[in-house]
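Trainee: need a 3D model of the sequence below.
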Amino acid sequence: MNTLAAALEAVDAALAGVVEEMFAADDAQGVSDDELLAVLGLSARIARRAEAVQIESVAQIYYRSSVPARDERMTSRYGCRSTNELVQRVTRASSRSAAELVKAGHVIIREVAPSSGETLPAEYPAMRAVLASGHVGLDGLLAVVGPLAGVAGVAGRAAHQAADEELAAAARGEGVDAAPPACADDLRALASVWATYLDQDGAEPREAVAMRKRGLAVGVCRDGLVPVRGNLLPEVAGQLKLVFDSILNPKVDGSSSGPEFRQTGPEGAPVDSLADDRTRAQKQHDAFATAIFKVAGSGALPTLGGAAPTLVVSVRAADLQSGRGFAHIDGFDEPVSLSLARQVACCGNVERVISDKRGRIVAIETSDRIFNYHQRLGIALRDGECIIPGCHVPASWCEIHHVREHSRGGSTGTDNGVPLCWHHHRTLDCSGWQIRMNHGVPDVRGPTWWDGSGTWRAVTMSPTRLRERLGERTTGT
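Mentor: Below you'll find the predicted structure:
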């Protein structure tokens, strides 16, 4: 082991010299495109070989830590509770990365039979070979193991070995279709095909396993974000995708818009063609937010404490007035921005809790600023959908925004309310879009990237109003 460590020390020293020189001299900036790709490919191969050494080492650590006597385990002798913890401390990797290394080590280790002392073959001998040759790394190996693990017990040794050999051939670029070496995603797709083929019991047992593994977990807020992780059943994921599609699908109906409302941005670009700079993942987050808030306010869910599930955001009155400070969402320790508090207050009840210096509640005042059902219907008929040009979220899915803030004397009436989708309501303070009411009708002024002239423009997607405006234009009345 000392010889192996010394050899790796020499490799590390040689690689360190190359990396230091590359960064110090900015060598990557001067190379050709072909050489840059060659450098990337070679560094990836080096990384895969390094991962192979890590996986084999972790496999041995796990093996030496699996003896019955606790004090004789390698993990115990090095002061760790588990293989994962020891791997984390040595590699400085995350717990997830350490767990992946341990999982990979399980399937490529060649254990020794206790009775005969014979070295047994690995669970995936062909994938072990391509790991050693540098054709796959950690992600490629796990891409194969994941789909096949569920059918290993029912497929039989011969069938499982055939899958192992063919997938290893695909990783080398020697598969049946003579395709180039497969990447991790391609290997996962091929392994999934093999898993379906080898599963002689059909879909029912998989569905039973899926029912046990289904779940959704909401993590702890860190840096303003809350991780969500879990496994959805196919029909649930399918319904969620349909919700995304229904909200994110651009509905452009040229027959109802009319020439007067084909607004343009800089250099005459049509509004609907202006790019939305959100990523697909960000759009899906906003669509999910729209659906969640819509369902929560629908009255169809069970009540909590006698009321519909209601998001509670608390903020000090002095902070809200000064525009400096933070707000807090019930259930999360990390503070949120004041803009979030203003958004929630814009379309919900505000309860003013007055406390003395010791914290005793001395008064509670409630201000109802929610637009009622009939007001929402009227606003929807007037404006049709989110009033930001190019956004097509229906008014029924929108939040109703107080154009003049309620705290500054704005009324909760149709002359002061406009529909905004969750995304545009959440980002109104920083997006550059401005809204005003012009005799009970909303006008919008866009950011400079959309309209450099700064013109206020009347907006609506209400078919009735559009048809009436078009009639006025054609008749000259």
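
Trainee: extract the C-alpha trace of the helix or strand that contains residue 166 and format it as CSV.
Mentor: Using DSSP states H and E, residue 166 sits within helix 157-172. Provided in CSV are the C-alpha atoms of helix 157-172 (Å, rounded to 0.1, in the frame of the first residue of the first chain):
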residue,chain,number,x,y,z
ARG,A,157,-27.0,-14.7,-12.8
ALA,A,158,-26.6,-15.4,-16.5
ALA,A,159,-29.0,-12.7,-17.6
HIS,A,160,-27.5,-10.2,-15.1
GLN,A,161,-24.0,-11.0,-16.4
ALA,A,162,-25.1,-10.5,-20.0
ALA,A,163,-26.4,-7.0,-19.1
ASP,A,164,-23.2,-6.2,-17.3
GLU,A,165,-21.1,-7.2,-20.3
GLU,A,166,-23.2,-5.4,-22.9
LEU,A,167,-23.3,-2.2,-20.9
ALA,A,168,-19.6,-2.3,-20.3
ALA,A,169,-19.1,-2.7,-24.1
ALA,A,170,-21.3,0.3,-24.7
ALA,A,171,-19.1,2.3,-22.3
ARG,A,172,-16.0,1.3,-24.3
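
Trainee: and the strands in the stretch 1-150 of the chain?
Mentor: With DSSP state E, counting those that start in this stretch, there are no strands along the stretch 1-150 of the chain.

Trainee: related to what we said a few turns ago, other SSEs contacting the helix holding residue 166?
Mentor: Applying 3 or more C-beta pairs under 8 Å, 6 or more residues apart in numbering; DSSP states H and E, one finds that helix 157-172 contacts helix 125-132, helix 138-149, helix 184-198. Placement of C-beta: from N, CA and C, glycine included.

Trainee: mind listing what's buried in that helix?
Mentor: Across helix 157-172, burial judged by 16 or more other C-beta atoms under 10 Å covers 159-161, 163-164, 166-171.

Trainee: let me see the mean pLDDT of the longest helix that the chain contains.
Mentor: The longest helix of the chain (DSSP state H) is helix 33-64. For helix 33-64, mean pLDDT rounds to 93.

Trainee: okay, now the domains of the chain?
Mentor: Following automatic domain parsing, one gets these domains for the chain: 31-202, 246-299+373-475, 313-367.

Trainee: can I get the helices and strands packed on helix 157-172 in a markdown table with distance to residue 29, mean neighbour count and mean pLDDT?
Mentor: Below are these laid out as a markdown table (distance: least, C-beta to C-beta, whole Å; neighbours: other C-beta atoms under 10 Å; pLDDT from 0 to 100):
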| stretch | distance to residue 29 | mean neighbour count | mean pLDDT |
| --- | --- | --- | --- |
| helix 125-132 | 34 | 22 | 95 |
| helix 138-149 | 29 | 22 | 91 |
| helix 184-198 | 29 | 17 | 87 |
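
Trainee: on that earlier part again, quick check: angle from the longest helix of the chain to helix 138-149?
Mentor: Relative orientation of helix 33-64 and helix 138-149, computed by axes from the mean of the first three to the mean of the last three C-alpha atoms, to 10 degrees: 60 degrees.

Trainee: list the helices and strands helix 33-64 packs on?
Mentor: Applying 3+ C-beta pairs under 8 Å, 6+ apart, we find helix 33-64 packed against helix 74-77, helix 83-91, helix 95-108, helix 125-132, helix 138-149.

Trainee: who's in contact with the last one?
Mentor: Residues outside helix 138-149 that contact it (C-beta atoms under 8 Å, 6 or more residues apart in numbering) are 48, 51, 54-55, 100-101, 103-104, 107-108, 124, 127, 131, 136, 160, 163-164, 167, 171, 182-185, 187-188, 191-192, 194-195, 198.

Trainee: quick check: buried residues in stretch 455-472?
Mentor: Under the neighbour-count criterion of 16+ other C-beta under 10 Å, stretch 455-472 has 459-462, 465-466, 469-470 buried.

Trainee: hmm, back to that, what mean pLDDT would you report for the helix holding residue 166?
Mentor: According to the model, helix 157-172 has a mean pLDDT of 90.

Trainee: now do stretch 360-378
Mentor: Computed over stretch 360-378, the mean pLDDT rounds to 73.

Trainee: measure stretch 445-463 end to end?
Mentor: Counting by C-alpha to C-alpha, to the nearest Å, you get 22 Å between the two ends of stretch 445-463.

Trainee: ok so, going back, and the helix holding residue 166 with helix 95-108, angle?
Mentor: Using the same axes, to 10 degrees: helix 157-172 against helix 95-108 is 120 degrees.

Trainee: tell me what angle helix 157-172 forms with helix 125-132.
Mentor: 20 degrees.

Trainee: about what we covered before: so which of the helices and strands packed on helix 157-172 gets nearest residue 317?
Mentor: Residue 317 lies closest, by C-beta to C-beta, to one member of these: helix 138-149, at 51.7 Å.

Trainee: report the distance from the closest one to the chain centre.
Mentor: 22 Å (C-alpha atoms, centre = their mean, to the nearest Å).

Trainee: likewise for stretch 123-143?
Mentor: 29 Å.

Trainee: one more: stretch 448-468?
Mentor: Distance, centroid of stretch 448-468 to centroid of chain: 33 Å (C-alpha atoms, centre = their mean).

Trainee: show residues contacting stretch 74-93.
Mentor: Contacts of stretch 74-93 (C-beta under 8 Å, 6+ apart): 54, 58, 61-62, 64-65, 70-71, 94-95, 97-99, 101-102.

Trainee: where do the strands of the stretch 351-477 of the chain begin and end?
Mentor: Remark: strands assigned in the stretch 351-477 of the chain by DSSP E, counting those that start in this stretch are 361-367, 399-402, 417-420, 434-438, 441-445, 457-458.

Trainee: and residue 215, which of those is closest to it?
Mentor: For those, proximity to residue 215 was assessed by C-beta to C-beta; strand 399-402 is nearest, at 30.2 Å.

Trainee: the closest one: partners in the sheet, and parallel or antiparallel?
Mentor: strand 417-420 (antiparallel) (DSSP bridges).
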